[in-house]
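> Build me a model:
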Amino acid sequence: MARRARSSADVQERFAPATAAAGRGHRSKGRRLPFDQTEVLAAVCKYFCKGHTATEIREIMQKRHGVEMRREDPYQFISLAASRGWIRFIPPYEHTLREQIKNRCGWLQGVEVVHTSVFDDVGYHGARLLLELLQKHRMPPYSKDVVHVGFAGGHSMRKTAQAFAQLLREPAEGLPKTVVFHAMVTGCDVDEPSTDPNAFFTYFLQDTALQIESKFVGLHAPIVVQSKDYAALRALKGIKEAYASAQDLDIIITSGASWSDPDSMLRQYSEQSPKTREALEKAGCVCDILWRPIGRTGPIEVETEIRAMTLIELQDLPRFIAQGKHVLLVLGPCVACNRPKTEMLEVILKVTPRLITHLVVDSGTARPMFTPA
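Below is the predicted model:
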């Protein structure tokens with residue numbers, strides 16, 4: 001009978017008791033090891049990251065550490081480490097595409113193109129650029145001890161927030177003393193509350209590893225509202241204070257979606273109102289930022305029956321930028337279907353006045369802009 005292939009769950013089950021026992025200072029049951037399972041895992045991962053094959057790792061572990069390993073053991077240790085986030089793949093930058101975007105869009109203050117086809121890699125590099133912006137606001141001419149960062153919502157921003165929280169727990173120089181995190185929108189996906197930026201705050205709860213002091217300004221409001229009720233809702237206590245705090249923002253970080261993508265949250269919530277969808281399509285909606293529509297000439301200002309609650313309007317971004325503040329667009333493939341967002345990128349880079357100052361994008365989205373038809 002054919003041997004059943006092991007799954008990641010099998011690996012987790014096998015090593016969970018051993019690693020738990022190791023954490024309490026005990027050895028695991030089974031083969032006697034000169035040190036605990038977690039230390040074996042660390043050694044295996046080190047040799048793997050140096051480029052050794054599984055066969056070579058087995059030989060090294062036997063000769064240098066006195067550990068006998070079965071043929072599948074190196075793979076299983078590596079699988080366990082990866083599942084716990086202890087092994088990180090950091091994709092390289094695509095320098096040629098970056099220079100092409102910089103040459104075409106000299107007004108961009110910062111741009112990185114990540115050589116990848118999945119959003120997670122873009123989110124990580126977006127988090128790195130956000131960290132650099134924090135350091136920038138700590139230096140002259142800003143010289144701020146307190147920096148206010150506004151997060152948009154969605155799956156892409158959740159992944160970016162996770163990566164950013166991890167970076168804030170690693171040693172870094174020149175950070176402000178305090179970062180105040182603002183929710184720029186409310187969650188649009190009722191089936192996935194983790195996409196609500198209010199939920200991101202849990203990543204930044206104060207602990208001894210966090211390199212900054214964290215504070216929060218939530219936006220506790222309906223997801224989608226009737227446009228005629230929008231002004232009245234903004235005036236409600238609790239919501240009004242969140243909107244007033246928008247003047248303190250220094251950095252806004254957002255992603256976006258193409259209107260042609262069925263996974264677009266803007267498109268999905270507009271389906272609740274045929275009149276809204278018809279108005280946006282008639283106005284030539286191409287994409288959205290902060291769940292507000294954008295056409296080929298800029299933000300769409302047509303009146304719609306329903307709309308999302310957003311802390312700032314797209315029309316306000318040029319003035320925000322003119323004040324020396326920053327808008328970072330982290331644009332990667334659709335998290336759900338992996339569709340690139342080339343059309344959106346082209347529109348964002350062409351519209352004036354400018355809506356962003358910094359860009360992190362995947363190579364699959366950027367490349368078609370410079371590939372002859």
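
> And for residue 256, the neighbour number?
By the criterion of other CB atoms under 10 Å, residue 256 has 26 neighbours. For every residue, glycine as well, the C-beta is placed using N, CA and C.

> beta partners of the nearest residue to it once chain neighbours are set aside?
Once flanking residues are discounted, residue 256 sits nearest to residue 289: 4.6 Å by CB to CB, 6 or more residues apart in numbering. Counting by DSSP bridges, residue 289 forms beta bridges with residue 256, residue 292.

> I figured residue 289 was touching residue 313, is that so?
No: between residue 289 and residue 313 there is no contact under CB atoms under 8 Å: 10.8 Å.

> Give me the more crowded residue out of the two.
residue 289 (25 against 12).

> Quick one, grab the pLDDT at the more buried one.
Model confidence at residue 289, given as pLDDT, is 96.

> Which secondary structure element of the chain has the lowest mean pLDDT?
helix 8-23 (a mean of 52; mean pLDDT, DSSP states H and E).

> tell me the contacts of the residue nearest to residue 256?
152, 254-256, 314, 329, 348, 355 (CB atoms under 8 Å, 6 or more residues apart in numbering).

> Give me the subset of these that lies in helices.
Residues of these located in helices (DSSP state H): residue 348.

> what kind of secondary structure is residue 147 in?
strand (DSSP: H, G, I helix; E, B strand; the rest coil).

> Let me know whether it touches residue 134 as I believe.
Yes: using CB under 8 Å, residue 147 is in contact with residue 134, at 5.7 Å.

> now the residue nearest to residue 256: how far from residue 259?
Using CB to CB, to the nearest Å, residue 289 is found at 12 Å from residue 259.

> Quick test: name the residue nearest the centre of this protein.
residue 160 (1.6 Å; CA atoms, centre = their mean).

> What's the first helix or strand after the helix or strand hosting that residue?
Here residue 160 is covered by helix 155-167, with elements defined by DSSP states H and E. Using DSSP H and E, the next helix or strand after helix 155-167 towards the C-terminus is strand 178-183.

> Not counting stretch 292-299 itself, show me its contacts.
259, 266, 280, 283-288, 300, 307-308, 310, 313-315, 347-348, 350-353, 355.

> starting at the chain centroid, how far to it?
Distance of stretch 292-299 from the chain centroid (CA atoms, centre = their mean, to the nearest Å) equals 23 Å.

> With stretch 249-262 instead?
Offset of stretch 249-262 from its chain centre (CA atoms, centre = their mean): 11 Å.

> Repeat that for stretch 268-281.
With CA atoms, centre = their mean, you get 27 Å for stretch 268-281.

> cool, and stretch 124-132?
Distance, centroid of stretch 124-132 to centroid of chain: 9 Å (CA atoms, centre = their mean).

> With stretch 294-313 instead?
Centre to centre, stretch against its chain (CA atoms, centre = their mean), the figure for stretch 294-313 is 23 Å.

> And stretch 199-214, by the same measure?
With CA atoms, centre = their mean, you get 16 Å for stretch 199-214.

> Show me what the mean pLDDT comes to for that stretch.
Stretch 199-214 comes out at a mean pLDDT of 92.

> So for it, what gets flagged as buried?
Neighbour-count burial for stretch 199-214 flags 199-201, 203-204, 211-212, 214 (criterion: 16 or more other CB atoms under 10 Å).

> And for stretch 157-177?
157-165, 167-168, 175-176.

> Now flag whichever of these is closest to residue 103.
Top of the list for closeness to residue 103, among the buried residues of stretch 157-177 and by CB to CB, is residue 160 at 26.6 Å.

> pretty sure that closest one contacts residue 330?
Yes: contact criterion CB under 8 Å: residue 160 and residue 330 qualify, at 5.4 Å.

> Need the overlap of contacts for these two.
With CB under 8 Å, 6+ apart, residue 160 and residue 330 have common neighbours 123, 126, 253, 255.

> From residue 270, how far off is residue 145?
42 Å.

> then whichever helix in the chain runs longest to PDB, C-alphas only?
Ranked by number of residues, the top helix in the chain under DSSP H is helix 119-138. Presented in PDB, the C-alpha positions along helix 119-138 are these (Å, rounded to 0.1, in the frame of the first residue of the first chain):
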ATOM      1  CA  PHE A 119       1.000  40.200  -2.200                       C
ATOM      2  CA  ASP A 120       2.600  39.000   1.000                       C
ATOM      3  CA  ASP A 121       6.000  40.000  -0.400                       C
ATOM      4  CA  VAL A 122       4.700  43.500  -1.400                       C
ATOM      5  CA  GLY A 123       3.200  43.900   2.100                       C
ATOM      6  CA  TYR A 124       6.500  43.200   3.800                       C
ATOM      7  CA  HIS A 125       8.400  45.700   1.700                       C
ATOM      8  CA  GLY A 126       5.500  48.200   2.100                       C
ATOM      9  CA  ALA A 127       6.000  47.800   5.900                       C
ATOM     10  CA  ARG A 128       9.700  48.400   5.500                       C
ATOM     11  CA  LEU A 129       9.100  51.700   3.600                       C
ATOM     12  CA  LEU A 130       6.600  52.700   6.200                       C
ATOM     13  CA  LEU A 131       9.300  52.200   8.900                       C
ATOM     14  CA  GLU A 132      11.600  54.400   6.900                       C
ATOM     15  CA  LEU A 133       8.900  57.100   6.700                       C
ATOM     16  CA  LEU A 134       8.600  56.900  10.500                       C
ATOM     17  CA  GLN A 135      12.300  57.500  10.800                       C
ATOM     18  CA  LYS A 136      12.000  60.400   8.300                       C
ATOM     19  CA  HIS A 137       9.400  62.100  10.500                       C
ATOM     20  CA  ARG A 138      11.700  61.800  13.500                       C
END
